[in-house]
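Enquirer: Would you be able to build a 3D model of this:
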Amino acid sequence: MNSMNLIGLGRITSDEGKSFQYLCNKFTDLSCPSCGQEVHYFMSRQRLRCRFCGKDFSPLKSTKFSEIKISASRWLMLIKLFELSVSARRASVEISVSYKTTLKAFDLLRKAIAQELSKCDEILKGEIELDESYFGGKRKGKRGRGAAGKTIVFGILERGGRVSVQIVKNVTAETLINETVKKVRRGSIVYTDKWKGYDSLMFSGYKHLNIDHRYKFKEGKVFINGVEGFWSFAKERLIKYHGISRHKFLLYLKEMEWRYNNRNEYLFEMLVYYMLGGNELRITKTSLSYNK
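Expert: Numbers count the residues shown, from 1 in each chain. Sure thing, here's the model as predicted:
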């Protein structure tokens, strides 16, 4: 899978037919719904015409791309701007699409990411770091654990692997243990701070080691710097939104999880894949011709 740079994207999006063809070539199956044949003409307005029966159909109709009435080229440009973490307001100006439409497109991308993450049932193992963090605007009063009005996020990081985050209602032992058991293989070594909610881990099948942050942040291999690094990664990016509504916060949070876990991958192609509904990327292209 190759990276889609701005020059390459410019070549594709300079022509609407090329943009539509680019998306069609990602499908593993483009057979005509009427006769089952796989040889087509490209038509205008995101349609294909079967060479055998002459019927028109749109392969994007059943995908997330159909949820907003914009061209394929603008969709590709929006995906690239989202990949680059450009704000919806700035993106709307760059490609002359209304802010409302751009915001809806970005929300669709975040929903597609969250849906893909929900399919992952990977169990984390080995050396694991656990920690919670509090998200929300600046408020007077107590900070950290027990802070009012904050959203509590529980993070699990596999050293050398992935991070998994989830919103939780509280940081009681029951909540933290239940979330850990869902994602971490028993027998793993689990590192935490001294919060009492983690004390029961040793009775739940884990080797539990902790560090008292009042005195030090690292003692040999006992530290949680990895998951704390994710908190910094997420908060640095989320702060630019100047406030996120509670009902959308999970989508933004899952976007941060996805970006962190795939920070060395080509995100553009992954986002196109998600928007097409998870169809496998095409290896051999169907015989297609563009009807001008």
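Enquirer: So which residues of the stretch 51-200 of the chain form helices?
Expert: Ranges of helices in the stretch 51-200 of the chain, per DSSP state H, counting those that start in this stretch, are 72-83, 88-94, 99-118, 173-183.
Enquirer: Determine which stretch of those helices is the most buried.
Expert: Mean neighbour count, computed with mean count of other CB atoms under 10 Å, is highest for helix 72-83 among the helices of the stretch 51-200 of the chain, reaching a mean of 22. Placement of C-beta: from N, CA and C, glycine included.
Enquirer: Report the angle between that helix and helix 99-118.
Expert: Orientation check (axes from the mean of the first three to the mean of the last three CA atoms, to 10 degrees): helix 72-83 against helix 99-118 gives 70 degrees.
Enquirer: Can I get helix 72-83 as CSV, trimmed to CA atoms?
Expert: Extracted in CSV, the C-alpha atoms of helix 72-83 (Å, rounded to 0.1, in the frame of the first residue of the first chain):
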residue,chain,number,x,y,z
ALA,A,72,-15.7,11.9,-5.8
SER,A,73,-12.8,14.4,-6.2
ARG,A,74,-14.0,16.6,-3.3
TRP,A,75,-14.4,13.5,-1.2
LEU,A,76,-10.8,12.5,-1.9
MET,A,77,-9.6,16.0,-1.0
LEU,A,78,-11.6,16.0,2.2
ILE,A,79,-10.1,12.6,3.2
LYS,A,80,-6.6,13.9,2.6
LEU,A,81,-7.2,17.1,4.6
PHE,A,82,-8.7,14.9,7.4
GLU,A,83,-5.6,12.7,7.3
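Enquirer: Need the contact partners of that helix.
Expert: 4, 6, 9, 12-16, 19-20, 22-23, 46, 60, 65, 68, 70, 90-91, 94-95, 97, 102, 105-106, 109, 267-268, 271-272, 275 (CB atoms under 8 Å, 6 or more residues apart in numbering).
Enquirer: Of those, grab the buried ones for ChimeraX.
Expert: In ChimeraX, the members of the contacts of helix 72-83 classed as buried (16 or more other CB atoms under 10 Å) are selected with the following command:
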select :4,9,12,13,16,19,20,22,23,46,60,65,70,91,95,97,102,105,106,109,267,268,271,272,275
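Enquirer: Domain map for the protein?
Expert: Listed by automatic domain parsing, the domain ranges of the chain are 6-118+269-290, 127-243.
Enquirer: Let me know which of these is the nearest to L250.
Expert: Each of the domains of the chain has some distance to L250 by CB to CB; the shortest is domain 127-243, at 5.9 Å.
Enquirer: First-to-last residue distance for that closest one?
Expert: 34 Å (CA to CA, to the nearest Å).
Enquirer: measure stretch 151-166 end to end?
Expert: OK, stretch 151-166 end separation, CA to CA: 10 Å.
Enquirer: quick one: buried residues of it?
Expert: 152-158, 163-166.
Enquirer: so where is this protein shaky, pLDDT-wise?
Expert: Applying pLDDT under 70 to the chain flags the ranges 1-2, 137-148, 278-292.
Enquirer: what comes into contact with stretch 164-179?
Expert: Here stretch 164-179 makes contact (CB under 8 Å, 6+ apart) with 124, 130, 132, 145, 151-157, 183, 195-201, 204, 230, 234, 249-250, 253-254, 256-257.
Enquirer: Please pick the buried ones from those.
Expert: 124, 130, 132, 152-157, 183, 195, 197-198, 201, 230, 234, 249-250, 253-254, 256-257.
Enquirer: Let's see which of these end up in strands.
Expert: 130, 132, 152-157 (DSSP state E).
Enquirer: Let me have these in JSON lines, extended by distance to K55.
Expert: Output for these, formatted as JSON lines (distance: CB to CB, whole Å):
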{"residue": "L130", "distance to K55": "56"}
{"residue": "E132", "distance to K55": "56"}
{"residue": "I152", "distance to K55": "54"}
{"residue": "V153", "distance to K55": "50"}
{"residue": "F154", "distance to K55": "52"}
{"residue": "G155", "distance to K55": "51"}
{"residue": "I156", "distance to K55": "50"}
{"residue": "L157", "distance to K55": "51"}
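Enquirer: Closest to N210 out of the residues you listed?
Expert: Closest to N210, out of all of those and judged by CB to CB, is L130, at 9.6 Å.
Enquirer: measure the closest one to S232 for me?
Expert: L130 is 17 Å from S232, where distance means CB to CB, to the nearest Å.
Enquirer: go on, K111?
Expert: 26 Å.
Enquirer: What distance separates the opening and closing residues of stretch 41-57?
Expert: 11 Å.
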